[in-house]
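Undergrad: Give me a 3D structure for the following:
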Amino acid sequence: MPSPLDVRFCTTPGGVSLAYAVDGEGPLLVKAANWLTHLDHDQESPVWRHYLEAFTSRFTYLRYDERGSGLSDWQVESLTFEDWVEDLETVVDAAGVDRFALLGISQGGAVAIEYAVRHPDRVSHLILLGAYARGRRMRGNLDSETEWMLNRHLIEVGWGTDHPAFRHVFSELFIPGGTPAQHAWFDDLMRRSTTNENALRFIETFGSIEVSDRCPLVRAPTLVLHPIGDRSVPFDEGRRLAALIPGSRLVPLDSDNHIVLEHEPAWRRLLDEVTAFLTGQRSAPSEPRMTLLMSDIVDSTRLMEVIGDDAWVDVLAWHDSTLRSRFIEFGGVEVDHTGDGFLVSFSSPQSAVACAVEIQRSLFSHRKTAGFAPRVRIAVNSGTVALQDGHPRGRTVHVTARVLAAAGAGDILATAPLRDAVGHGISTGNPRRIPAQGIDDPIEVIPIVWQ
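TA: Sure, this is the predicted structure:
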C-alpha cells in the first residue's frame, strides 16, 4: 500500500503552482502528467491505484498534476502543449533529479517525447502507453475530426452538470471494460479534476498535438505499449509511434481499455514488460496483490432446519442475488462461491470495505421492511496471493478465513493494515487480536462500524 501522500509544490517560470509527489524506492521513474488524474484521489482510485501500488513497490515514482487540473493551479492564462512541457521541466528540476526513466500515458506520451528530444542526457528510458504523436484533428481523416467535435460538444454541454450521463460517455471511451464502480469513480474524477472551461481548453490542445517530426530524434531506448482495442487512441496510432522512433519496441496489449485495469491479464503483461525494460528482471506474476472479501450466512444450518428446505432454497437465491449485485456495483470479481459463502476480489481496499458496508446496510434495510433477512458476517483483507487456475490461494486467503471465523452476525472485520482504507463516512471500532488456527501470531483486526 502506498505511504500517506506527501504533496510538494513548485512554481513555473510563469508563476503557475504545480503539485507533485514522490514515493517508493528503487530506480527513478517519472510520469509525464496526463489528463484525468488527481494526486489526492489516485491512492483510493479503482482505476489508478494499481499503477501507483505497482510502481511505488518497484521504483521511486514521481508524478504530478499538470496545470489546470488536480492540485495544481486551475486559474491559468494558457493550456498549451508548450506549457505542459514546461510543467515537466519545472517538476523534475524542483525534485532535483538528473537522469531518470520517463513514462508518458495518452497525451502525456507526446509531452514525454518532446522532453526526451530536448533533454537527451536526462532520459535513460522512455515508456509510452496508449500514446500518440498526433492529435485527432491532425490525423487527416473525417472520423477522427468528427469524434473530436463530438467530444468537445459533450464537454461543453455536460461537464459541469450534476448529472453524470455526459461524463459517462468518456468513461465508456476510456474504460469500456470497467465495472459500474470504476465508471462511477471515473465520472466523479472528471468533475473533481478540473472545470468545464479548462476541460474545453484541454481538448482543444489535445486535438492539435503533433510531434511526428520529433519522434525520429528520440535517442533513449523506447518501449511502446498499446491496447489493441483502445477506443480512445486507436492501436494504429501506437504502431505508427513505434515506427517513427528509432529502435523502439512495440508491445500490443490484449485490452479494449485505454487505461488498462487491474483485473485484466493485460495488466500483468504491462507490468512485466515495464519491469523488465527498466530493471532487466521480470515481475513475479505468480504473486499478485489482491484485496479479498469473504462472507457467509451465520448459523446457516440451524436456519435451514427451522425454515425447511424449500424456503431455504428461496432465501439462498435471494441472498446470492443481493450480494452479487453489490459486488458488481463496487467492482468486485467473484472468485469462489460455496454454499452460502463468497470469496470476492477487489481492485482496492476502499472498494471492498465500501461494498461490505453496503451489503450490511442493504440486509438491515430489508430486515426492517420485509421482516427478515439472513444475518451475514464479512471479512476484508489484502495481501499477495498465489493463483491456481485463476483462483487465489495461500496465506492471505487463509488469514481472511480466520478473520471471518472471528466475526459475529452483522459484523465486518478487516485486518488492521486496512485501517487507512476506510472511506469518508465510515468509522472503525477498537482494534483487537484474534487467535488463528495454523498461524503463529495473533491477527490484529478492526471492526467496521456500518450503522
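Undergrad: my read: residue 446 touches residue 414, true?
TA: Yes. Residue 446 sits in contact with residue 414 when judged by C-beta atoms under 8 Å, with a separation of 5.5 Å. For every residue, glycine as well, the C-beta is placed using N, CA and C.
Undergrad: out of the two, which sits in the busier spot?
TA: Neighbour count, other C-beta atoms under 10 Å: between residue 446 and residue 414, residue 414 has more, with 28 against 20.
Undergrad: Can you tell me the SS state at that one?
TA: When classified by DSSP: H, G, I helix; E, B strand; the rest coil, residue 414 comes out as strand.
Undergrad: right, and it touches residue 444 too?
TA: No. With contact defined as C-beta under 8 Å, residue 414 does not count as touching residue 444 (10.1 Å).
Undergrad: Okay, domains of this protein per the record?
TA: Split into domains by automatic domain parsing, the chain comes to 7-279, 289-449.
Undergrad: Mean pLDDT added to these, as TSV?
TA: Listed next are the domains of the chain as TSV, based on pLDDT from 0 to 100:
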stretch	mean pLDDT
domain 7-279	91
domain 289-449	88
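Undergrad: Buried deepest among those domains, which one?
TA: When these are scored by mean count of other C-beta atoms under 10 Å, the highest mean neighbour count falls to domain 7-279 (a mean of 19).
Undergrad: and it, how far apart are its ends?
TA: 27 Å (C-alpha to C-alpha, to the nearest Å).
Undergrad: Relative to the whole chain's centre, how far out is it?
TA: 13 Å (C-alpha atoms, centre = their mean, to the nearest Å).
Undergrad: swap in stretch 339-348?
TA: Here stretch 339-348 is found 19 Å from its chain centre; the criterion is C-alpha atoms, centre = their mean.
Undergrad: Can you tell me what sits against that stretch?
TA: Here stretch 339-348 makes contact (C-beta atoms under 8 Å, 6 or more residues apart in numbering) with 44-46, 49-50, 182, 261-263, 290-297, 300, 316, 319, 323, 327, 330-337, 352, 355, 374, 392, 397, 400, 421.
Undergrad: May I have that stretch as CSV, with CA atoms only?
TA: What follows is stretch 339-348, C-alpha atoms only, in CSV (Å, rounded to 0.1, in the frame of the first residue of the first chain):
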residue,chain,number,x,y,z
GLY,A,339,-22.9,-23.0,-0.2
ASP,A,340,-23.8,-19.7,1.4
GLY,A,341,-20.3,-18.2,1.3
PHE,A,342,-18.5,-15.9,-1.2
LEU,A,343,-14.9,-15.0,-1.9
VAL,A,344,-14.5,-11.9,-4.0
SER,A,345,-11.5,-9.9,-5.1
PHE,A,346,-11.4,-6.1,-5.4
SER,A,347,-9.0,-3.6,-7.1
SER,A,348,-8.7,-1.6,-3.8
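Undergrad: Let's test this: what are the backbone torsions at the residue nearest to residue 391 when sequence neighbours are not counted?
TA: Spatially, and ignoring its direct neighbours in sequence, residue 391 is nearest to residue 335 (5.5 Å; C-beta to C-beta, 6 or more residues apart in numbering). The phi/psi pair for residue 335 (degrees, to the nearest 10) reads phi -110, psi -20.
Undergrad: Would you mind measuring from residue 335 to residue 260?
TA: Between residue 335 and residue 260 the computed distance is 20 Å (C-beta to C-beta, to the nearest Å).
Undergrad: Residue 140 too?
TA: As judged by C-beta to C-beta, residue 140 and residue 260 stand 28 Å apart.
Undergrad: what are the ranges of the strands in the stretch 301-450 of the chain?
TA: 333-338, 341-346, 376-384, 386-388, 391-393, 412-415, 427-428, 432-434, 443-449 (DSSP state E, counting those that start in this stretch).
Undergrad: got a markdown table for these, with distance to residue 216 too?
TA: Formatted as a markdown table, those follow (distance: least, C-beta to C-beta, whole Å):
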| stretch | distance to residue 216 |
| --- | --- |
| strand 333-338 | 43 |
| strand 341-346 | 44 |
| strand 376-384 | 42 |
| strand 386-388 | 42 |
| strand 391-393 | 46 |
| strand 412-415 | 52 |
| strand 427-428 | 56 |
| strand 432-434 | 62 |
| strand 443-449 | 56 |
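Undergrad: Of all the ones you listed, which one is nearest residue 201?
TA: strand 341-346 (35.5 Å; C-beta to C-beta).
Undergrad: what pairs with that closest one, and is each one parallel or antiparallel?
TA: Looking at strand 341-346 with DSSP bridges, its partner strands are strand 289-297 (antiparallel), strand 333-338 (antiparallel).
Undergrad: right, and these - which one's nearest residue 171?
TA: Residue 171 sits nearest to strand 333-338 of all the strands paired with strand 341-346, at 18.7 Å, using C-beta to C-beta.
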